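Q: Based on what follows, work out the 3D shape:
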Amino acid sequence: MQLISLPFFAGFVLSLAIYYLFPAKYRYLLLLAYSGIFIILSTPVAFPFVVISSITVWAAACKRTRTAVVLCIVFNVLLLAVTKYYGFAITNINRLIGIFGAGEGIAMPEIIAPIGISFYTLSMTGYLLDVYWGQTEPCSSLLKTMLYIGYYPQLTSGPVTRFADVSQKLFAGNRPTYENITFGMQRILWGVFKKIVIAERAGMIVNTVYGDVATYNGFFIPFAASLFVVQLYSDFSGCMDIILGVSECYGIVLPENFRAPFLSRSVREFWQRWHITLGEWFRDYIMYPLQKSSPMSSWIIDFRKKTKNKTIRNIPVYICMLAVWLLIGIWHGGAWKYILGMGLWFWSMIFLSEITKPLMSRIKSKLKIDDSSPLFRVLGYIRVFILVAVGNMFFRMSSLTAVFVAVKQTFTHWNPEVLVDGSLLKLGVNGNNMAVLILAVIIMAAVSVLGNKKSVRSRLKETHIAVRWVILLALLWCVVVFGIYGPGYNPADFIYGGF
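A: Residues are numbered from 1 along each chain as shown. Alright, predicted model coming up:
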């Protein structure tokens with residue numbers, strides 16, 4: 001069941017109405033039942049996975065022993081590995097077999113990965129570690145544990161949640177409020193706008209160029225790379241808007257996953273604003289425990305005692321970061337393109353930025369550059385955008401080979417004229433669609449900037465009711481008129497929905 005579909009919204013509205021008709025103490029059971037229906041209708045094979053994982057997590061949390069927690073985490077990580085990474089493992093084993101001529105290789109079985117397994121595996125692992133570390137009390141109810149793991153909105157694409165942050169609202173049987181319903185519906189509408197007005201339009205151009213880089217070479221490729229950043233952001237953040245809006249209607253507040261990421265002046269800051277819950281999970285459950293482990297902690301202390309250079313002294317920390325970024329790359333998918341593009345590329349950019357800070361400070365001082373000036377800030381935004389666009393080429397393209405071919409095609413063909421001769425209007429969209437895309441991106445950027453310090457919905461609430469309704473109806477009109485949908489067209493799944 002796709003998030004943007006009549007069955008999804010019909011089911012959501014019906015479940016919302018029944019939710020508030022239920023006695024408060026039993027409302028979580030309605031959410032649990034509907035989550036089960038949603039899973040079965042979306043990916044039937046996922047249902048037993050969620051049930052089995054929930055039972056093991058519940059039992060291990062109640063047991064609260066090191067052995068139980070470790071065995072449960074290992075079991076569920078193995079489920080993730082078998083369903084999501086078996087193809088990557090077998091492909092690489094077969095390559096080695098081919099190199100050494102040791103046989104015909106291993107047959108590739110067909111396994112369907114359960115919906116959201118990458119997301120709920122992180123959430124349940126964090127919950128178990130919090131329980132073991134004494135930071136969270138274990139949930140004694142199996143059904144509530146099942147709801148935490150299988151809650152249908154976040155099951156599709158996250159966010160990665162902490163049990164302590166969401167459990168109170170998730171199980172409380174919240175009362176309906178005007179603000180929850182209206183704010184939730186506004187956010188759903190905004191998410192739909194991002195997806196079907198912006199992401200789907202940008203995707204047409206990206207698909208055209210990346211589908212034939214031999215023809216669409218030179219400046220076409222960086223243009224498509226830039227548009228893919230727009231597509232990915234509007235797609236993923238739009239998905240989050242729908243998920244958080246749906247939850248808000250139930251009175252359940254899920255953590256934010258984006259905070260104006262393109263107002264970042266460094267790659268490190270970008271990842272503090274982009275996919276926030278994923279970054280925080282890896283920071284709290286991988287990075288910090290790794291640094292605090294006895295061997296690493298001892299090495300860091302000894303290394304810093306022997307090294308006076310402030311930059312060099314942080315080498316052990318950068319090595320810990322390397323391990324984390326490798327895992328982030330692997331989490332994104334079983335392919336070398338993810339490991340290199342979503343892992344090593346961003347780690348290397350952060351590492352280079354950190355070790356060159358003293359040099360850059362001296363250069364700025366000698367040239368009397370004020371890094372707080374508007375021009376320097378804008379240049380910082382552009383630099384981050386370019387670096388992200390390069391990393392996302394690995395994310396979008398089919399393989400490492402395809403990325404290298406695209407890069408070669410970019411630098412071996414000089415055709416800047418395509419930017420002004422109308423060639424960009426022959427990439428799957430006409431002039432009118434391009435105008436709609438540009439205007440919609442400007443609107444999205446303005447909302448992002450305005451919401452950086454204060455929620456746009458809060459700002460909207462403070463306006464006159466007539467102005468508020470004009471804005472909301474105009475947004476709805478844009479979705480109806482300019483959205484890409486209708487007979488014969490099926491909007492693509494959300495990009496992160498495959499995780």
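Q: going forward, measure contacts between C-alpha atoms and count neighbours the same way
A: Noted.
Q: which stretches of the stretch 51-200 of the chain have low pLDDT?
A: 99-105, 107-110 (pLDDT under 70).
Q: For it, which segments are assigned as helices?
A: Using DSSP state H, counting those that start in this stretch, the helices of the stretch 51-200 of the chain run over residues 66-84, 86-100, 117-132, 142-150, 152-157, 163-171, 178-193, 200-210.
Q: Any chance of those helices in CSV with mean neighbour count as columns?
A: Listed next are those as CSV, based on neighbours: other C-alpha atoms under 10 Å:
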stretch, mean neighbour count
helix 66-84, 17
helix 86-100, 14
helix 117-132, 23
helix 142-150, 23
helix 152-157, 24
helix 163-171, 17
helix 178-193, 20
helix 200-210, 22
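Q: Phe270: which of the ones you listed is closest?
A: helix 152-157 (19.7 Å; C-alpha to C-alpha).
Q: before we move on, back to that, closest one to Val51 among the helices of the stretch 51-200 of the chain?
A: helix 142-150 (6.9 Å).
Q: ok so, going back, take the helices of the stretch 51-200 of the chain and write them to a markdown table, including distance to Tyr20.
A: A markdown table is the format used below for the helices of the stretch 51-200 of the chain (distance: least, C-alpha to C-alpha, whole Å):
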| stretch | distance to Tyr20 |
| --- | --- |
| helix 66-84 | 34 |
| helix 86-100 | 43 |
| helix 117-132 | 26 |
| helix 142-150 | 17 |
| helix 152-157 | 17 |
| helix 163-171 | 13 |
| helix 178-193 | 12 |
| helix 200-210 | 34 |
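Q: dump the residue contacts of the residue nearest to Tyr26 when sequence neighbours are not counted.
A: Spatial nearest neighbour of Tyr26, excluding adjacent residues (C-alpha to C-alpha, 6 or more residues apart in numbering): Gly173 at 7.0 Å. Counting by C-alpha atoms under 8 Å, 6 or more residues apart in numbering, Gly173 makes contact with 23-28.
Q: top of those residues by neighbour count?
A: Highest neighbour count within the contacts of Gly173, by other C-alpha atoms under 10 Å: Tyr28, with 24 neighbours.
Q: Please parse the protein into its domains.
A: 6-175, 177-254+398-499, 271-382 (automatic domain parsing).
Q: quick one: which of the ones you listed is nearest Phe262?
A: Phe262 lies closest, by C-alpha to C-alpha, to one member of the domains of the chain: domain 271-382, at 6.4 Å.
Q: okay, how far is it across the closest one, tip to tip?
A: In terms of C-alpha to C-alpha, to the nearest Å, the two terminal residues of domain 271-382 are separated by 15 Å.
Q: What mean pLDDT does that domain get?
A: For domain 271-382, the mean pLDDT works out to 90.
Q: Give me the distance from it to the chain's centre.
A: Between the centre of domain 271-382 and the centre of its chain there are 19 Å (C-alpha atoms, centre = their mean, to the nearest Å).
Q: Could you do stretch 61-69 as well?
A: On C-alpha atoms, centre = their mean, the centre of stretch 61-69 falls 30 Å from that of its chain.
Q: residues near Thr136, how many?
A: Residues lying near Thr136 (other C-alpha under 10 Å) number 16.
Q: can you list contacts of whichever strand or helix holds Phe404?
A: If you go by DSSP states H and E, Phe404 is part of helix 400-411. With contact meaning C-alpha under 8 Å, 6+ apart, helix 400-411 is reached by 213-214, 217-222, 336-337, 393-394, 397.
Q: now, which of those residues sits nearest Ser237?
A: Met393 (18.6 Å).
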